[in-house]
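[1] Pasting a predicted model and its sequence here:
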Amino acid sequence: MDLRPAVLAIAMLCLALPRAALSQSQNAPPVADTPAPAPAPHHVNLTDLLSLAGPYGTFLGYLVRTDAIRTLQSQANATEGEGVTVFAPEDSAFAAVDGAALSNLTTDQLRALVLCHAAPRYLPLSSFAALAASGPVATFGGARCAVNVTYAAGRIRLAAGWTRAARLVSSVYSTPPVAVYALDRVLLPEQVFPTEPAVAPVPAPAPGPAAVAFLLATWPSLPSGF
């Protein structure tokens with residue numbers, strides 16, 4: 001029996017198969033790239049930030065004690081929110097307020113006080129010139145605790161209630177959606193303090209070397225044998 005025709009047919013079939021497979025691969029639609037997952041939002045821990053950034057222990061203590069820190073942290077973490085801006089008075093600013101005025105506050109009043117130091121949106125430094133012209137900035141403390149901003153020669157000041165204008169000392173942190181700025185005074189809203197609270201007396205500065213030398217030179221001589 002002659003097998004040559006069968007072998008030839010098989011050989012021709014083997015040659016045809018790679019070409020057909022190649023043709024199908026060329027005509028196949030391209031596979032779409034799978035998009036990379038979006039990065040998870042970066043959440044700033046306000047408690048850690050204020051505890052590590054500097055002298056804000058008194059302010060942070062009041063935030064934690066009144067649970068106001070949870071309100072601010074929730075705003076900072078909100079995916080659809082506008083962010084949060086915290087105006088953090090330094091410890092020396094709280095020390096300048098008469099201790100009785102603060103110790104006599106109820107928990108609700110203390111909570112209202114610290115919430116007046118935060119705005120429910122992210123405010124970069126570049127926005128303060130416009131804020132000074134546009135009117136008071138709303139805070140978590142409500143309409144009665146809006147903050148007035150002044151901007152002159154690059155200096156930013158904030159005032160609310162009885163407060164003499166507090167100076168914005170520095171930017172502690174400013175990356176959307178969170179901004180934290182240091183204040184040299186505590187904002188004292190009238191909704192918390194019906195009358196102006198007393199200011200703690202400022203101790204007299206110690207005399208400098210020149211003053212000490214002058215006093216020694218002019219002090220009467222002590223009697224002999226003293």
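    Cool, the structure landed.

[2] Point out the other helices and strands that the longest strand seen in the chain packs with.
    Within the chain, and with DSSP state E defining each element, the longest strand by residue count is strand 166-175. Helices and strands touching strand 166-175, by 3 or more Cβ pairs under 8 Å, 6 or more residues apart in numbering; DSSP states H and E, are helix 46-53, strand 84-89, strand 155-159, strand 178-183. Quick note: C-beta positions are derived from backbone N, CA and C, even for glycine.

[3] The third one pairs with which strands, parallel or anti?
    If you go by DSSP bridges, strand 155-159 pairs up with strand 148-152 (antiparallel), strand 166-175 (antiparallel).

[4] Export these as a markdown table, with columns for mean pLDDT, mean neighbour count and distance to residue 113.
    Shown next, in a markdown table, are the strands paired with strand 155-159 (pLDDT from 0 to 100; neighbours: other Cβ atoms under 10 Å; distance: least, Cβ to Cβ, whole Å):
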| stretch | mean pLDDT | mean neighbour count | distance to residue 113 |
| --- | --- | --- | --- |
| strand 148-152 | 95 | 15 | 17 |
| strand 166-175 | 96 | 16 | 13 |
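
[5] just the helices and strands packed on strand 166-175: most buried one?
    strand 84-89 (a mean of 26; mean count of other Cβ atoms under 10 Å).

[6] so where do the helices sit in this protein?
    4-27, 46-53, 57-65, 68-77, 91-95, 99-103, 107-115, 128-134, 209-218 (DSSP state H).

[7] ok and the third one relative to strand 178-183, angle-wise?
    What separates the directions of helix 57-65 and strand 178-183 is an angle of 130 degrees, with axes from the mean of the first three to the mean of the last three Cα atoms, to 10 degrees.

[8] tell me which residues of helix 57-65 are tucked away?
    58-60, 62-63 (16 or more other Cβ atoms under 10 Å).

[9] Same list as before, these that is, but in CSV and with distance to residue 88 and pLDDT included.
    CSV is the format used below for these (distance: Cβ to Cβ, whole Å; pLDDT from 0 to 100):
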residue, distance to residue 88, pLDDT
58, 10, 97
59, 5, 98
60, 8, 98
62, 11, 97
63, 9, 98
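
[10] Return the distance of residue 192 relative to residue 97.
    From residue 192 over to residue 97 the distance is 12 Å, taken as Cβ to Cβ, to the nearest Å.

[11] for residue 196, that is, sorry about that
    From residue 196 to residue 97 the distance is 11 Å (Cβ to Cβ).

[12] can you check residue 82 too?
    The value you get for residue 82 to residue 97, if Cβ to Cβ is used, is 30 Å.

[13] Settle it for me: which of the two has more neighbours?
    residue 97 (20 against 14; other Cβ atoms under 10 Å).

[14] Can you tell me who the more buried one pairs with across the strands?
    Those that pair with residue 97 in a beta bridge, by DSSP bridges, are residue 199.

[15] Return the per-residue confidence for it.
    In this model, residue 97 is scored at 92, pLDDT.

[16] pLDDT weak spots in this structure?
    1-42, 199-226 (pLDDT under 70).

[17] With respect to residue 115, which of the strands paired with strand 155-159 lies nearest?
    strand 166-175 (16.0 Å; Cβ to Cβ).
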